[in-house]
Each structure stands twice: as C-alpha cells, then as structure tokens.
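# Predicted model, plus sequence, below.
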Amino acid sequence: MKPIDHPTRYWHRLEDGRVQCDLCPRLCKMRVGQRGLCFIRRASETGVVLTSYGRSSGFVIDPIEKKPLNHFYPGSSVLSFGTAGCNLTCKFCQNWDISKATEMDRMQSQATPQMVAEAAKAYSCRSVAYTYNDPVIFLEYAVDVARACRQEGIRSVAVTAGYIQEEARETFFRYMDAANIDLKSFSDNFYHQLCGGHLQPVLDTLLYLKQQTEVWFELTTLLIPGENDSVEELEAMSQWIIDHLGADVPLHFTAFHPDYKMVTLPRTPLDTLTRAREIALRRGLHYVYTGNVEDQSGGSSYCHQCGGLLIARDGYTLSSWNLTAEGGCTHCGTLCAGLFDGQAGSWGAKRFRVDMSQFR
C-alpha cells in the first residue's frame, strides 16, 4: 500500500491561520508543514493529517502478559505493533528508539486494517495490541484496525499513557476491549519534570474508563529509584486507586533499567518492587504484580479471599491454573476479576515476527 496523509478529526483552525490539534492535552498549534510534538500529526492546507496511517515499526506476536495484562485471557497470544513518535517526552523511555523516532524509515512495515485483522486470525491471536509507542497519537489507524478486528471476533488492546482529550478519548476507547494504562507517577511534578506533561489528564482517563466504559484495564507503574518509589507516594497512589477505581484493578510495578536520558540511575532492585507490592496489598488492592524481574511470587495471581494460588507464572509462561470455567477460585469459589476463556492459554513466552506482505 502507498503511504498517505490521512485526514484527522480532532483539530480546529485559529484566527492567526494556524491549526490546533485537539487530540491530546498538549494542544499543539501548527502552521502548514509543521508537525506536532508527537511527530506523526502534521498541519496541512486542509487541517491536521496523520502521516503514519498504515505504517508500522513492525508486527510481532507476543504473550498477552507482556503488555502487561494478567487478567485478560491469560496465556493467549497478541499481535502487537506500533508506529513512531509519542505525545510525552519521558526522559526514562524504555522504547525510545521507537517512541522518540523522527525518521519515517522506522516504519517500513505497511498494512491496511484488513491485513492486520487477517494476520491476527491466521495466527490464531486472541487480540491485537496497539503498543511500543502510544496508540493515542495514531488514533485513526488504531480505530480502523480495531473495527476490522471486531468483525473477525478479535479483541483490541491499547497500551497507552492515557494522555488524551475528552472527545478523542470517547472515540478511541469505544473500540478497545482492554487497556494497560501507564500511570507513571502519582506526582504532577514528576509528570512535568520527567515526562513533559501533567498527571490530571491521566487520572481523568482512568475515571472515564471505570465510570463510563466496559473496557477491562490494568495499571502499570515503572518504579525509578529515588524518583517515584517513596512510601508516601506509593501509599497515596494505592489509596486513590482503591477510592476511585476499586480494589479489583490489577496494578503492575515494573523495574526501570537505565536508558535514553536517564542512564546514570541504577536498575530498580527487586526489594523496591516487593515493598511497593506489599504497600498496595496492605492498602487493599486485590491483584498487585512485579515485572521486568525474575519473581514468580510477584508475577503470579492469588485469590484475594483465601490467598490460594490462582495462576502461577514463570516469566510469561503459565505453570499452574486454578480457576473454574467461570473464573472462580478452585479453593473457595471467589470470582477472580478479569476476562477468562475457562482454561489457560498455551502461547507461553514465545515471540514471533510477522511478515505482513503475505496478507496483501
């Protein structure tokens, strides 16, 4: 397929002739030819266009636990892809080679929405994930892919920071079945200093998902030593989740590794992740996990009622399954929050790159 500049909906023209992109809270104001901070939305004579429609940095089949989603068809495979650019400027970005890319040669894999759906079906993927960089910025492409997938009975997963305006938010999540929201910190200063954004729009997205949608969502916080791992912040964040989202929302604490513009900090110790998990559990959250480390206990699912092991995980591989067909604990019958197929998926930790040219 030939790359095109795809028209977008969320923008308006200013009195001085510039156009303002209304997709995310950045509200980039551009003259013709200029790009927004995300890089892939550009001002043209007709408004704001998406320059990455149908173009990707590559398609890979992953385990769903890698997104990470532990309560959304565990053990299933997910066809994953992203584009280039991002609408935040995180100094610690762990996918900076993709999300910070400003070169179109990062997006050599091309696929129509129908091709993506066909590929997912051909490889028996339970879902398609919009990930690696934030799918909010390629909303039009993600939504069209999600529509095509829905016709084939394939679910859609958004891996996003949730940094999006209200009107666009409703459109985007209308076509998503699950999401992992990257709650980077519970401090606006952290968002401002390290991410070039603000906390409140992310909290607004979380409240919207909880109160106005049926989207299954989980949260991830990358713990950075000395930046967002204090006891006080973790307690405040856990309490906010309990009060506003409920105890059943899974929370993942994942380990930072030095990267991009923060290469002098140490890796996050396992003890820090374990402490954070214990804080959240004590506050009353039912499902709290550790990630990016070897920690079978922190990666497994337990019944919040009786403490029985529900799903044992060794990395991305499921090694034990103690859920009924209805998703209940086999020890005490208490339902585990989430979406389950009645049995464990068998994809394991495999990672498989897909050549999309075969579906043209």
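All right, it came through fine.
# Chain neighbours aside, what residue packs nearest to Glu65?
Distances taken as Cβ to Cβ, 6 or more residues apart in numbering put Tyr316 closest to Glu65, at 4.8 Å, once the chain neighbours are dropped. For the C-beta atoms, the positions are set from N, CA and C on the backbone; glycine is no exception.
# What separation do you get for that neighbour and Arg351?
9 Å (Cβ to Cβ, to the nearest Å).
# Counting neighbours, go ahead and name the busier of those two.
Using other Cβ atoms under 10 Å, the more surrounded residue of Tyr316 and Arg351 is Tyr316, with 18 against 14.
# In the stretch 151-300 of the chain, what residue spans correspond to helices?
Using DSSP state H, counting those that start in this stretch, the helices of the stretch 151-300 of the chain run over 166-174, 188-190, 200-212, 231-244, 270-283, 296-299.
# for the record, mean pLDDT for the shortest one?
If you average the pLDDT over helix 188-190, you get 98.
# Worst mean pLDDT across the helices and strands of the chain, which element?
None of the helices or strands of the chain scores lower by mean pLDDT, DSSP states H and E than helix 96-99, at a mean of 58.
# contact partners of whatever helix or strand comes next after it?
Remark: after helix 96-99, the chain's next helix or strand is strand 109-110, criterion DSSP states H and E. Here strand 109-110 makes contact (Cβ atoms under 8 Å, 6 or more residues apart in numbering) with 1, 3, 54-59, 81, 356.
# can you tell me which strand in this structure is longest?
When the chain is parsed with DSSP state E, its longest strand is strand 216-223.
# and the angle for it with helix 166-174?
110 degrees (axes from the mean of the first three to the mean of the last three Cα atoms, to 10 degrees).
# Please put the alpha-carbon coordinates of strand 216-223 into PDB.
In PDB, the C-alpha atoms belonging to strand 216-223 read as follows (Å, rounded to 0.1, in the frame of the first residue of the first chain):
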ATOM      1  CA  TRP A 216     -11.000  -4.100  31.000                       C
ATOM      2  CA  PHE A 217      -8.000  -2.200  32.200                       C
ATOM      3  CA  GLU A 218      -4.900  -2.700  34.300                       C
ATOM      4  CA  LEU A 219      -2.300  -0.200  35.500                       C
ATOM      5  CA  THR A 220       1.500  -0.200  35.200                       C
ATOM      6  CA  THR A 221       4.000   2.000  37.200                       C
ATOM      7  CA  LEU A 222       7.600   1.900  36.200                       C
ATOM      8  CA  LEU A 223       9.400   2.400  39.500                       C
END
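# Next one: Glu235 from Gln94, what distance?
According to Cβ to Cβ, Glu235 and Gln94 sit 25 Å apart.
# which secondary structure elements does the one helix or strand Val48 maps to contact?
Per DSSP H and E: Val48 is located in strand 47-50. Using 3 or more Cβ pairs under 8 Å, 6 or more residues apart in numbering; DSSP states H and E, the elements in contact with strand 47-50 are strand 6-7, strand 11-13, strand 19-21, strand 41-44, helix 139-151.
# Turn those into TSV, columns for mean pLDDT and mean neighbour count.
Compiled in TSV, those are given as follows (pLDDT from 0 to 100; neighbours: other Cβ atoms under 10 Å):
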stretch	mean pLDDT	mean neighbour count
strand 6-7	97	15
strand 11-13	98	14
strand 19-21	98	22
strand 41-44	97	22
helix 139-151	98	21
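# Tabulate the ones you listed in a markdown table, adding columns for distance to Gly75.
Output for the helices and strands packed on strand 47-50, formatted as a markdown table (distance: least, Cβ to Cβ, whole Å):
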| stretch | distance to Gly75 |
| --- | --- |
| strand 6-7 | 35 |
| strand 11-13 | 41 |
| strand 19-21 | 39 |
| strand 41-44 | 36 |
| helix 139-151 | 20 |
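# how many other residues sit next to Leu209?
Residues lying near Leu209 (other Cβ under 10 Å) number 21.
# scratch that, Leu23
If we define neighbours as other Cβ under 10 Å, then Leu23 has 29 of them.
# same check, this time on Gln200
Look at Gln200: counted by other Cβ under 10 Å, it has 11 neighbours.
# do Ile279 as well
Look at Ile279: counted by other Cβ under 10 Å, it has 18 neighbours.
# got the contact list for stretch 26-41?
In contact with stretch 26-41 (Cβ under 8 Å, 6+ apart) are residues 8, 14, 17-21, 23-24, 42-45, 48-52, 83-87, 89, 101-102, 137-138, 196-197.
# and with 7 Å instead?
8, 14, 18-21, 23, 42-45, 48, 50-52, 83-87, 102, 137-138 (Cβ atoms under 7 Å, 6 or more residues apart in numbering).
# Brilliant, that's me finished.
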